[in-house]
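Chemist: okay, sequence plus prediction incoming.
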Amino acid sequence: MALYAFLEIFLIPICVICVCFLTFRAHKKSSVPTNWPVLGMLPAVLQNSHRIHEYATEVLTESNGTFEFKGPWFSNMDMLVTSDPANIHHVLSKNFSNYPKGPEFRKIFEILGDGIFNADFELWEFHRKATLSLMTQPNFYSFLEKNIWEKIEKGLIAVLDGFLETGVEFDLQDVFQRFTFDSICKLVLDYDPQSLSLDLPYIPCEKAFNGAVEALLHRHILPERIWKLLKWLQIGKEKTLMKAWKSFDEFIYPRVSINDGVEKDHEEYGFNLLKSFKRKYEEINNSSSRGDSRDFLRDTSLSLMLAGRDTTSTCLAWLFWLLASNPSAEMKIRQEIEDELHEKEDKKWRNFSVEESKKLRYLHGALCESLRLFPPVALEHKAPIRPDVFPTGNYIPENKIVLLSFYSMGRMKVIWGKDCLDFKPERWISQRGGIKHEPSYKFPAFNAGPRTCVGKEMAFIQMKMVAATVIYHYNIEVVKGHKVSASDSIIIQMKQGLRVKLSKRNLY
């Protein structure tokens, strides 16, 4: 073990630096990485780790959408990376039962415990059924609508008006992250942390998500022995991940205790997510053990909070960056709000219902374009429990790592056409004027097959309400010189945020 530690900490980095230097000197035109002796293709990955998603797209484009990656001989990192829709469909739908999350996935995402993202088989079925049973209750969307508009009025508009009055630049991505964090906490924990307030308070749990998702991507890039060693030494991104873990536990555990939100009901709407999960958990485990249920509720809450905070806020941030470069699309969204919500005559804003949100088709298309170009979840990690053969002819032995690159899919001409890099909400409007639906294996922003996100409709409702409110009330200008680029993490956030300035629209 000591010898391995020496090799991994000292000898291997030296070899990588030498190889990277030789690679640079060679001015290699192809993006496809060289398979070096001993080190495999790892040097090219490390050399491009600051732009890993773009690099994966370049390699997959040159390789017709599917690429066999060879890792160092000691690492067990050989994997197949694909963005081919036929392969995606095969893994996520046609041969779904052969591709559970598996033990390797659970090692990487250990922080999520027994939450829905890590769950397989019976546990996954339990999570899905319990979540769906809540979302199909008659009053669920009334409760959702009430809470979204309350957070928009008391949180979002109040904060944006504060920035408007002072005229200062601010990070719009941070505002959206705070909004979605407060919203999902209210839904899951029946608690509003009020991170979206005028003083923009620092809440460790809310900020911990950013560091955690970056560290989780690095666990995909580094050999397991190395990231486990870094974890043991408590250094680098592993230290960040452990701090995030502590922040999550300190925030969630007190709120899933038996005397906190679990025992309360929403009197007006008659349901409580944690209470529902707790009851079902104890039914299948024939137990009322507080310790066991609290661990399970912690894992459940964290997974739902990750989904609710990061995916929705990421889509909104990229939407407004894309609209800043496409002002004609923004004008069409404003016109649609006036036409479809009957605001044109007096131009007075009013909150709209869940049903009315379905009328905002062009806005729906703009959100889909944001999700296509910048899918919040950049990749999916899979491993077959039995040998398999892909539609592209690739042989996949048992337990081999398979990475599905959703980020690359939106940038493939063979999938979306020569204009795949263009922002075109019209892409999602049918000839009859309705919303055009694409198969999930072509547009996997909400995953595909049995694991399709159960919160898809809820996400679109929230995003439409937030986006319509901001677009209708404010002009947003990205600060000149502000660099925007995708982060190197599991969630495609903006590395430097989205620095903007506001001006008020003349509505009356």
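Modeler: That came through, no problem.
Chemist: next, count neighbours for the spatially closest residue to residue 218 that is not a sequence neighbour.
Modeler: Of all residues not flanking residue 218 in the chain, residue 237 sits nearest, at 5.0 Å (Cβ to Cβ, 6 or more residues apart in numbering). Just so you know, the C-beta spots here come from the backbone N, C-alpha and C atoms, and that holds for glycine as well. Residue 237 has 20 neighbours, counted by other Cβ atoms under 10 Å.
Chemist: list the buried residues in the one helix or strand residue 297 maps to.
Modeler: Counting by DSSP states H and E, the element that carries residue 297 is helix 290-306. Residues 293-294, 296-306 are the ones in helix 290-306 that count as buried (16 or more other Cβ atoms under 10 Å).
Chemist: next SSE after that helix?
Modeler: According to DSSP H and E, the helix or strand after helix 290-306 is helix 312-324.
Chemist: export only the CA atoms of that following helix, formatted as CSV.
Modeler: In CSV, the C-alpha atoms belonging to helix 312-324 read as follows (Å, rounded to 0.1, in the frame of the first residue of the first chain):
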residue,chain,number,x,y,z
THR,A,312,-33.5,24.3,-12.1
SER,A,313,-31.2,27.1,-11.2
THR,A,314,-28.7,26.0,-13.8
CYS,A,315,-31.2,26.0,-16.6
LEU,A,316,-32.5,29.5,-15.6
ALA,A,317,-29.0,30.9,-15.5
TRP,A,318,-28.0,29.6,-18.9
LEU,A,319,-31.4,30.7,-20.3
PHE,A,320,-30.8,34.4,-19.4
TRP,A,321,-27.2,34.2,-20.8
LEU,A,322,-28.6,32.8,-24.0
LEU,A,323,-31.3,35.5,-24.2
ALA,A,324,-28.7,38.2,-23.6
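Chemist: ok, back up a step: from residue 83, how far off is the residue nearest to residue 218?
Modeler: 26 Å (Cβ to Cβ, to the nearest Å).
Chemist: how about residue 446?
Modeler: Taking Cβ to Cβ, one finds residue 446 at 17 Å from residue 83.
Chemist: between these two, which has more neighbouring residues?
Modeler: residue 83 (29 against 20).
Chemist: mind checking pLDDT for the more buried one?
Modeler: Looking at residue 83, its pLDDT is 97.
Chemist: also residue 291?
Modeler: 50.
Chemist: swap in residue 36?
Modeler: 93.
Chemist: then the one 5 residues further on?
Modeler: The per-residue pLDDT reported for residue 41 equals 92.
Chemist: give the burial count for it, as a bare number.
Modeler: By other Cβ under 10 Å, neighbour count at residue 41 equals 21.
Chemist: not counting sequence-adjacent ones, nearest residue to it?
Modeler: Residue 41's closest residue in space is residue 33 (Cβ to Cβ, 6+ apart), at 4.0 Å.
Chemist: tell me which helix or strand of this structure sits lowest on mean pLDDT?
Modeler: Lowest by mean pLDDT, DSSP states H and E among the helices and strands of the chain is helix 2-6, with a mean of 41.
Chemist: in which helix or strand does the residue lying closest to residue 111 once chain neighbours are set aside reside?
Modeler: Leaving out its chain neighbours, the residue that sits closest to residue 111 by Cβ to Cβ, 6+ apart is residue 245, at 5.3 Å. Taking DSSP H and E as the definition, residue 245 sits inside helix 236-252.
Chemist: need the CA coordinates for the helix or strand following that helix. PDB is fine.
Modeler: Per DSSP H and E, the first helix or strand lying C-terminal to helix 236-252 is helix 273-285. Output of helix 273-285 as PDB, limited to C-alpha atoms (Å, rounded to 0.1, in the frame of the first residue of the first chain):
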ATOM      1  CA  LEU A 273     -43.400  14.800   2.100                       C
ATOM      2  CA  LEU A 274     -41.100  13.700   4.900                       C
ATOM      3  CA  LYS A 275     -44.000  12.300   7.000                       C
ATOM      4  CA  SER A 276     -45.100  10.300   3.900                       C
ATOM      5  CA  PHE A 277     -41.600   8.900   3.400                       C
ATOM      6  CA  LYS A 278     -41.100   8.100   7.000                       C
ATOM      7  CA  ARG A 279     -44.400   6.200   7.200                       C
ATOM      8  CA  LYS A 280     -43.700   4.200   4.100                       C
ATOM      9  CA  TYR A 281     -40.100   3.500   5.300                       C
ATOM     10  CA  GLU A 282     -41.300   2.100   8.600                       C
ATOM     11  CA  GLU A 283     -44.000   0.000   6.900                       C
ATOM     12  CA  ILE A 284     -41.500  -1.900   4.700                       C
ATOM     13  CA  ASN A 285     -38.900  -2.200   7.500                       C
END
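Chemist: now do helix 273-285: which elements does it pack against?
Modeler: helix 121-135, helix 172-189, helix 290-306 (3 or more Cβ pairs under 8 Å, 6 or more residues apart in numbering; DSSP states H and E).
Chemist: looking at those helices, which is nearest to residue 352?
Modeler: Closest of these to residue 352 is helix 172-189, at 17.2 Å (criterion: Cβ to Cβ).
Chemist: how far does the closest one sit from its chain's centre?
Modeler: Relative to its parent chain, helix 172-189 has a centroid offset of 14 Å by Cα atoms, centre = their mean, to the nearest Å.
Chemist: and the angle from it to helix 121-135?
Modeler: Put simply, helix 172-189 runs at 100 degrees to helix 121-135, going by axes from the mean of the first three to the mean of the last three Cα atoms, to 10 degrees.
Chemist: what about helix 172-189, average pLDDT?
Modeler: pLDDT averaged over helix 172-189 gives 95.
Chemist: and what of stretch 128-135?
Modeler: 84.
Chemist: what comes up buried for it?
Modeler: Buried residues in stretch 128-135 (16+ other Cβ under 10 Å): 128, 130, 131, 134.
Chemist: next one: stretch 425-434
Modeler: 425, 427, 428, 429.
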